[in-house]
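**Q** Return a 3D structure for these sequence lines:
(one chain, ligands or ions: 1)
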Amino acid sequence: MLSESDQHSDAAGSLKMQCVYCSKVYSGGVGRIRSHLLGNNGMKKCKDAPNDVIRCITLRTLSYREHLTKTAGKLKNETTC
Ligand SMILES: [Zn+2]
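**A** Got it, this is the predicted structure:
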């Protein structure tokens, strides 16, 4: 997704990214664009993003959360031994 997004910084140094589907610009980086595409975290869902893209992002988000959960569980087990 990064290669498809226009990524640049303004004079203040805060990261801004542009949605490649609807051309809206958001500050805050990849997380903001992901929230925009999925329509979560109180952000308006992108009306122009293809369903395939949204499904792909959803799967990646879920697998990442699953990874974090497994990592946290492993660390928890190691610390309680
Ligand atoms: Zn958009």
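
**Q** Buried residues of stretch 41-55, list them for me.
**A** For stretch 41-55, a neighbour-count test (16 or more other CB atoms under 10 Å) marks Cys46, Ala49, Val53 as buried. Quick note: C-beta positions are derived from backbone N, CA and C, even for glycine.

**Q** mind giving me a markdown table with those and columns for pLDDT and secondary structure?
**A** Below are these laid out as a markdown table (pLDDT from 0 to 100; DSSP: H, G, I helix; E, B strand; the rest coil):
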| residue | pLDDT | secondary structure |
| --- | --- | --- |
| Cys46 | 96 | coil |
| Ala49 | 96 | coil |
| Val53 | 92 | helix |
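
**Q** nearest to the ion, of the residues you listed?
**A** Distances from the ion to the buried residues of stretch 41-55, taken as CB to the ion, are shortest for Cys46 (3.0 Å).

**Q** looking at it, Ile57 is touching Ser35, isn't it?
**A** No: using CB atoms under 8 Å, Ile57 is not in contact with Ser35; the gap is 10.0 Å.
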